[in-house]
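In: please work out how this folds:
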Amino acid sequence: MILSIVDRIVLLNILPKEGNHITLRIVSDLRSRLSFSEEELAKAEFIVSESGTKWKHDIESEIEIGPKAFSLIFNSLESLNRQGKLTLEHLPLYDRFVTDKE
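Out: Here you go, the predicted structure:
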């Protein structure tokens, strides 16, 4: 799946932080794939300052998301929706992972 920098950061923040050992292995693997390589960091020109992290160039990357990882993302987004905690940053991902699959 092609994901932008924002998509990847938002996904990293909604993944489950606890679960059984299988879930945690899937989350660990997915976190690794969603993280940025040195090449991507250089290409996007990330800038870290006291006010936060920014980048000069938005890049998109193909990130492999298997069926179990997809299900974890789907469930996390659905949970945020049920709790009324979706934000505008979640909306594009909600559309891609949840709305498109219904």
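In: going forward, measure contacts between C-alpha atoms and count neighbours the same way
Out: Noted.
In: who's in contact with stretch 53-66?
Out: 1-5, 30, 33-34, 40, 43-48 (CA atoms under 8 Å, 6 or more residues apart in numbering).
In: which of those are buried? Put it as a ChimeraX command.
Out: In ChimeraX, this line selects whichever of these come out buried by 16 or more other CA atoms under 10 Å:
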select :3,5,30,34,40,44
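In: and of the contacts of stretch 53-66, the nearest to residue 93?
Out: residue 3 (9.5 Å; CA to CA).
In: which element is the closest one on?
Out: Applying DSSP states H and E as the criterion places residue 3 in strand 2-4.
In: nearest to residue 72, out of the contacts of stretch 53-66: which one, please.
Out: residue 30 (10.1 Å).
In: grab the nearest non-local neighbour of residue 40.
Out: Leaving out its chain neighbours, the residue that sits closest to residue 40 by CA to CA, 6 or more residues apart in numbering is residue 59, at 7.8 Å.
In: ok, now how distant is the one you found from residue 41?
Out: 10 Å (CA to CA, to the nearest Å).
In: ok, longest helix in the chain?
Out: helix 67-82 (DSSP state H).
In: by contact count, what packs against the helix or strand just after that helix?
Out: Later in the chain than helix 67-82, the nearest helix or strand by DSSP H and E is helix 91-97. Contacts defined by 3 or more CA pairs under 8 Å, 6 or more residues apart in numbering; DSSP states H and E place helix 91-97 against helix 67-82.
In: so where's this protein shaky on pLDDT?
Out: Within the chain, the ranges that satisfy pLDDT under 70 run 101-102.
In: mind running it again at 90?
Out: 48, 52, 99-102 (pLDDT under 90).
In: in which helix or strand does the residue nearest the centre of it reside?
Out: Per CA atoms, centre = their mean, the C-alpha nearest to the average position across the chain is that of residue 11, at 1.8 Å. Using DSSP H and E, residue 11 maps to helix 5-14.
In: tell me the buried residues in that helix?
Out: Those would be 5, 7, 8, 9, 11, 12, for helix 5-14 by 16+ other CA under 10 Å.
In: and stretch 58-77, by the same measure?
Out: 60, 69, 72, 73, 74, 75, 76, 77.
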